[in-house]
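**Q** okay, structure incoming, though there's no sequence with it:
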């Protein structure tokens, strides 16, 4: 007897066809390149001959301020830079399936507008004038679908492949931090309210509100994002945003004293892989050799907080995830942490968790 095909699978295949068709044919990898691609997408991107020498150089820049300067001084147009990143993102997509919504046409149209504005007025528009960036598919973008679940893994793979110099991810249990760690990126999972995002506050099913933050190949780019975003005073638009500017003096290493740093090798819940643990030990040794004080942090204080987080994150009994899956009858991803009926919290229990101070 034939097994019926779940209704969500044809939709997935159609979505993949649509994604494929949105990539210009001149940016397609050959079948040979796809079937013999090495583990590193970067190697394939560099040898694909799809990007020019200049485009490779631009997309392998790690400090976004350099690209901002190139455009502002008219050494490179936004259209040229955006084309380069679109090409690289297209190749990365074919190798890693890191994208959900492909809007190269809109990006290039906006780039042309910005180039015309700069040529006409001599002035830039905003702190990232003409530099393309990417956002996790949890943010509402006009004219495209929004994915209601998932992690920032695609964002991490895209930035790690050089298809974007700056990605904006979201985090509730590691969705910014884990992909960034796996890709060797710099990221910030900020305190709730630091980066404005209405999903953190308007979706009442979140007892633990998620946050938005930058993912980048350099600390300078992550810091530039935070600095320029907060310089725009987002709390005047979003009343839930914390009205505290970026304090450069606190982010600048002191010159008149040594640093005092804490390190966690294993908190009893997440144990680093051996190569990561080795790198951490080598870093600690180097810091101490330079005269800095490094303290191994006591994680016993984390236990009640972790227990509270688990209780809160599972508090809806998994109903939200099940409802989302029921929309197209798609099963939960294996390994996804979702509550069960025994985890369900009553309104009184939810309020108690929400107001508990640890």
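**A** Everything's here; your move. Since this is a predicted model, take the numbers as computed values, not measurements.
**Q** show me where this structure has its strands.
**A** Ranges of strands in the chain, per DSSP state E, are 134-135, 166-171, 186-187, 211-216, 260-263, 293-296.
**Q** now render the ones you listed as a markdown table, adding mean pLDDT and distance to residue 26.
**A** For the C-beta atoms, the positions are set from N, CA and C on the backbone; glycine is no exception. Below are the strands of the chain laid out as a markdown table (pLDDT from 0 to 100; distance: least, CB to CB, whole Å):
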| stretch | mean pLDDT | distance to residue 26 |
| --- | --- | --- |
| strand 134-135 | 96 | 22 |
| strand 166-171 | 95 | 25 |
| strand 186-187 | 97 | 33 |
| strand 211-216 | 96 | 29 |
| strand 260-263 | 96 | 49 |
| strand 293-296 | 97 | 52 |
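**Q** how about the ones you listed, which one is nearest residue 354?
**A** Of all the strands of the chain, strand 211-216 sits nearest to residue 354, with 16.5 Å by CB to CB.
**Q** what comes into contact with that closest one?
**A** Strand 211-216 has contacts (CB atoms under 8 Å, 6 or more residues apart in numbering) with 62, 64, 139, 152, 155-156, 159, 165-172, 176, 179-180, 185-192, 194-197, 200, 221-222, 225-226.
**Q** and these, which of them are buried?
**A** 62, 64, 152, 155-156, 159, 165-172, 176, 179-180, 185-190, 194-197, 200, 221-222, 225-226 (16 or more other CB atoms under 10 Å).
**Q** okay, and which of those residues map to helices?
**A** Taking DSSP state H as the definition of helices, the buried ones among the contacts of strand 211-216 contribute 64, 155-156, 159, 179-180, 200, 221-222, 225-226.
**Q** from these, which one has the minimum pLDDT?
**A** Taken together, those show their lowest pLDDT at residue 200, with 39.
**Q** for residue 42, grab the count of nearby residues.
**A** By other CB atoms under 10 Å, 16 other residues sit near residue 42.
**Q** pretty sure it sits against residue 161.
**A** Yes - between residue 42 and residue 161 there is a contact under CB atoms under 8 Å: 6.2 Å.
**Q** out of the strands of the chain, the one nearest residue 8 is which?
**A** Relative to residue 8, the nearest member of those by CB to CB is strand 166-171, separated by 23.4 Å.
**Q** and the gap between the nearest residue to residue 197 once chain neighbours are set aside and residue 70?
**A** The shortest distance from residue 197 to any non-neighbouring residue, by CB to CB, 6 or more residues apart in numbering, is to residue 212 (4.2 Å). Residue 212 sits 27 Å away from residue 70, going by CB to CB, to the nearest Å.
**Q** neighbour count for these two, which is higher?
**A** Taking other CB under 10 Å, residue 212 and residue 70 do not tie; residue 212 has more neighbours (24 against 19).
**Q** who's the more buried one bridged to?
**A** Residue 212 forms beta bridges with residue 170, as assigned by DSSP bridges.
**Q** got the domain ranges for this protein?
**A** 15-132, 151-252, 301-355 (automatic domain parsing).
**Q** first to last residue in the shortest one, what's the distance?
**A** With CA to CA, to the nearest Å applied, domain 301-355 spans 19 Å between its terminal residues.
**Q** and the helices in the stretch 201-350 of the chain, which stretches?
**A** Here the stretch 201-350 of the chain has its helices, by DSSP state H, counting those that start in this stretch, at 219-231, 248-251, 274-289, 302-313, 319-327, 347-355.
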